[in-house]
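A.B. asks: model this:
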Amino acid sequence: MIADILPHADGTKAGENHIAYVLDLAKRRRARLVGLHVMPELEIPPTYKPSMVEEVAIELEHRFERDAAAAEPHFAALALRQRISTVWQSNVGPMADRICHAARTSDLVVLGQFERQGLAEHHPLTLAEAVALGCGRPAFMVPATIGKPELRCSLIVWDRSRAAVRALHDALPLLRDSAVEIVMIDEPQAAEPGKPPIKHLVRHRMRIDRQLRLRGGPTARRLVERLEAQHFDLLAIGAYGHAAWIGFLFGGTIQSALLNSSVPVLISH
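C.D. replies: The predicted structure is shown next:
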């Protein structure tokens, strides 16, 4: 059951799109929506000359203030159309930290596809990754362009890891009565292939349409290819089932999937 959903809202067009999506989702699930906007800390890109730092800081501060001022009325206007129960919160500080704090009493945290905490040099992870790793709740990434939340056909990534188990069960309230395709990723050193808990999923009223096994090769690219080959409404995947430094060195499956996916992605850790 999903009772409380926490979306991070901003004043951008992409932000409006993902709020409209999650409002529709909340209405279908009869969930309460707690809108949140976090004004990030001021970080000056190191490319500017020292003489320009103050001017740039003022411009960035004004931009953050404009975004914060636009976020709440956009959220309220969209919520009014759907006629659902909503609450509004605002905060200032490290974005991932503040969102994780607010997410402690939520079932699902919703974030935009290209949202970042600040400079990539200081925050190499996307905001959705950082929140998924830190808050203990599933993070739901909504693409910049998205339609209605049908959730009729979903893709689940299974590699037997703890993170994959968590993602699977976090996705269950969203996947009931839907068709599911399972992509099994085998580790080269595994003694036996990882088999997903099919009977368990069927008892949760899911219909398993297909099972696909991936062995070797660039997994992130092949996942995106599979998403593009057939229409899916959701991708559920575990965040960093293995050491996170592998992702930094070789291009993590999670970040690639988040930045390239045309469908919503649920990530859990």
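A.B. asks: going along the chain, name the strands of the stretch 101-250 of the chain.
C.D. replies: Per DSSP state E, counting those that start in this stretch, the stretch 101-250 of the chain carries strands over the ranges 108-112, 139-142, 153-158, 179-186, 207-215, 234-238.
A.B. asks: what does the second one contact?
C.D. replies: Where contact means CB atoms under 8 Å, 6 or more residues apart in numbering, the residues beyond strand 139-142 that reach it are 17-18, 21-22, 108-113, 126, 128-129, 131-132, 239, 258, 261, 264-268. Just so you know, the C-beta spots here come from the backbone N, C-alpha and C atoms, and that holds for glycine as well.
A.B. asks: please repeat the previous calculation with a cut-off of 6 Å.
C.D. replies: Outside strand 139-142, the residues within contact range by CB atoms under 6 Å, 6 or more residues apart in numbering are 18, 21, 108-111, 113, 128, 131-132, 258, 264-267.
A.B. asks: likewise the longest one?
C.D. replies: Strand 207-215 is touched from outside by 179, 180, 181, 182, 183, 184, 185, 186, 198, 222, with contacts defined as CB under 6 Å, 6+ apart.
A.B. asks: let me see the contact set for the fourth one.
C.D. replies: Spelled out, that is residue 182. Counting by CB under 6 Å, 6+ apart, residue 182 touches 156, 158, 196, 211.
A.B. asks: and for the first one?
C.D. replies: When the contact criterion is CB under 6 Å, 6+ apart, the partners of residue 179 are 153, 207, 209.
A.B. asks: how near is the first one to residue 230?
C.D. replies: Remark: distance between residue 153 and residue 230 (CB to CB, to the nearest Å) = 8 Å.
A.B. asks: now swap in the second one and tell me
C.D. replies: From residue 207 across to residue 230, the span is 15 Å (CB to CB).
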